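Visitor: Okay, predicted coordinates and the sequence, questions at the end:
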Amino acid sequence: MTTFIQTLIDGLSLGSIYALIALGYTMVYGIAKMLNFAHGDVIMVGAYAVIASVSMASLPPVVGLILSVVICAALGILIEFLAYKPLRKSPSLAVLITAIGVSYLLQNLALLIFGSEQLSFPQVINLPDFAFAGVQIKGVTLATLVITAVIMIALTLFIKTTKLGKAMRASSEDKDAAELMGISVNRTISITFAIGSALAAIAGIFYGASYVYIKPTTGAMPGIKAFTAAVFGGIGSIPGAMLGGIILGIIEKFSQAYISTLWADAIVFGVLVLMLVIKPTGLLGKDIKEKV
Amino acid sequence: MKNNVLKKLFSKNSITIYIVVAIYAIFSSLLYTDNLSRQLTNMLISVSCYIVLAVSLNLVVGFLGELSLGHACFMSVGLFTGCISSVLMSNVIPSVYIRLPIAMILGGLAAAAVGFVIGLPALRLKGDYLAIVTLACGEIVKNAITNINMTVESADFEFNGAIGLNTNKYGIYIKDVGELLPYAIVLVFVTIIVMMNISKSKAGRCIMAIRDNRIAAESIGINVTYYKLIVFVLAAFFAGMAGVLYGHGNSFAAASKFDYNMSIEILVIVVLGGMGSVRGSIIAAIILRALPEMLREFSDYRMLLYSVLLIVIMILNANPKFADLKGNLSIPKIISRLKNKDKTVKEAK
């Protein structure tokens, strides 16, 4: 029973990191209708930003964390402006290839600046471990859970109630109609990228805090898993991304604990394939009827 | 009648064949006279493999219009099936040169079977969902191969998926590029000819009809599922054969190399070469595989340059002004302009 609860909490924690990343994928997909393959590498940039500011420039941890989020948000806007904006009307495959180019670019920039050796992530989240009914919970795990829960609630409220959130929903529903209603779609897309990248930075910080070592390709695998989570939940759907991320994290940890660590990845991807075969648009995705 | 023959000789497809013949003629004559640098010699086999991979993926992405992010897994399945069966056959057929074509066909068939299994569920899906399922399947296959542990005592053979296959140790590594190149050339030509002829066959027209408008294609009685499966299986078959060739040209092969990054690399070749264009895929495969090698003097910066080039090419391609410029510089345009010039000069006289 202790193992079960322990695994569940680990899974929730990993799942909330996936959910944070998946949110970025899904929000960008919802508005810009593009698969932003470079999103995973923003996590890596976020983690390196903390290493650079806290370990190298020895700034206080809080400043480092804020800096990381700000850098990633700015990076998101910059990437969108330089690489994706000129391709707004191009076929989606062209945008996909550009996104892959951006992903290579970020990885190789990090390789040049920080070198190929893995660096250890500074201890920015100093919380005591927490014992509950024989279950040891790490402080970082608990912080991840609480903070992501808060962020998700805030994000949902932001999208449901604010003017900007409304603009985002309108743009993702129908770009032309939104433009006619006086919404600046370009600005909305930029803001979406900024929010998505800021969430990725936070995910990067938690990832670094739980897994300690960071190298230039760190972002790739969580990025792909989070992408899987976004599709699992129904890409374009924000609650879907949260749910998908958490379910995927739990599945991964449970298959590691109860089945085999070697097969964990295959099981995660297998569940996705099974899910899409049963429900082709994901858990909460809308089924759009094709018109002739 | 004569005109028809001429037309055939200078059709788009024939020109593609001439280009490939010329390239291989130049490189093999250089190779067999020992005039080719080591760097280029080492690239010949891998570039040939990538040509086969890109042309076969083009069938899925360009002709069928479905995005597949799992092409590398077919190559991996083919590689391990083909190479392992080649090792196991060594008692029956002693010469590795006779075993290689058999291994290629076996590897291709195994990859085609996997393509069939992946294709079945994937066919329910469209667009980005299909892309993610192919990616997921590719990762599952990679994971499954790394978990294989197999020992055959009669052949004194041991395979551990997590470590990889040491082809050198089991004597199926063909070190001399000159000996392996004929196989590569045959494979490349078979692939190109099959792919080019498919687009002209009934099946090819059905496949393109599905790409252009699935609903219309379905309503005139085209069996969409059947043709989609054919495309998946055929592309997987050729990728598997390329895998076997790749395995025999490298002294070591590990499953972890054939992940989604490699699939993406092949996809980049297809997209930059031009969707649905066999010739484009071939040229892009050569340039994109050679580019990182050419940029080697910039060592640290070469991948950086590569990624920047990738982004710049895609953005330029989308720019209408650049498209006009490119259109004006194309060879047929230049020829027609020269002809017109002649005409105006004559008229002026």
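Guide: Received it, and whenever you're ready, just let me know what you need. Numbering: from 1, shown residues only, chains lettered A, B, ... in the order given.
Visitor: Close to chain B: what parts of the stretch 1-150 of chain A are there?
Guide: Residues of the stretch 1-150 of chain A lying close to chain B by C-beta under 8 Å from any C-beta of the partner chain are A:29, A:35, A:37, A:83, A:86-87, A:89-90, A:92-94, A:96-98, A:100-105, A:108-109, A:111-112. (Each C-beta comes from the backbone N, C-alpha and C, glycine too.)
Visitor: what's the average pLDDT for stretch B:79-88?
Guide: What stretch B:79-88 shows for mean pLDDT is 92.
Visitor: ok, and what's touching it?
Guide: For stretch B:79-88, contacts defined as C-beta atoms under 8 Å, 6 or more residues apart in numbering or on different chains pick out B:96, B:99-100, B:102-104, B:106-108, B:110-111, B:145, B:148, B:150, B:152, B:155, B:157, B:159, B:165, B:167, B:170-172, B:240-241, B:243-244, B:246-248, B:253, B:255, B:258.
Visitor: Among the residues you listed, which lie within strands?
Guide: If you go by DSSP state E, those have B:150, B:152, B:157, B:159 in strands.
Visitor: Can you turn the buried part of the residues you listed into a PyMOL selection?
Guide: To isolate the buried members of those in PyMOL, using 16 or more other C-beta atoms under 10 Å in any protein chain shown:
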select buried, chain B and resi 157+159
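Visitor: packing partners for the lowest-mean-pLDDT helix or strand in chain A?
Guide: Here the helix or strand of chain A ranked lowest by mean pLDDT, DSSP states H and E is strand A:130-132, holding a mean of 76. Applying 3 or more C-beta pairs under 8 Å, 6 or more residues apart in numbering or on different chains; DSSP states H and E, we find strand A:130-132 packed against strand A:135-137.
Visitor: show me where pLDDT drops low in the stretch 1-150 of chain B?
Guide: Low-confidence segments of the stretch 1-150 of chain B (pLDDT under 70): B:1-2.
Visitor: how about the residues of the stretch 151-300 of chain B near chain A?
Guide: Residues of the stretch 151-300 of chain B lying near chain A (C-beta under 8 Å from any C-beta): B:162, B:215, B:260-261, B:264, B:267-268, B:271-272, B:275, B:300.
Visitor: Just give me the least confident of these.
Guide: Lowest pLDDT of these: residue B:300, 70.
Visitor: Please, where are all the strands along chain A?
Guide: Ranges of strands in chain A, per DSSP E, are A:119-120, A:130-132, A:135-137, A:213-214.
Visitor: Deepest-packed of those, please.
Guide: strand A:213-214 (a mean of 18; mean count of other C-beta atoms under 10 Å in any protein chain shown).
Visitor: Look up how far residue B:16 lies from residue B:266.
Guide: Between residue B:266 and residue B:16 the distance is 19 Å, computed by C-beta to C-beta, to the nearest Å.
Visitor: More neighbours: the two, which one.
Guide: Set residue B:266 next to residue B:16 and count neighbours by other C-beta atoms under 10 Å in any protein chain shown: residue B:266 wins out with 25 against 21.
Visitor: a strand runs through that one, doesn't it?
Guide: No - according to DSSP: H, G, I helix; E, B strand; the rest coil, residue B:266 belongs to no strand; its state is helix.
Visitor: What residues does it make contact with?
Guide: B:50, B:53-54, B:57, B:71-72.
Visitor: and if you look at residue B:249?
Guide: Residue B:249 neighbours (C-beta under 8 Å, 6+ apart): B:45-46, B:49, B:173-174, B:177, B:180, B:184.
Visitor: how much space between residue A:189 and residue A:32?
Guide: Per C-beta to C-beta, residue A:189 is found 5 Å from residue A:32.
Visitor: shared neighbours of these two, which are they?
Guide: The contact sets of residue A:189 and residue A:32 overlap at residue A:80 (C-beta under 8 Å, 6+ apart).
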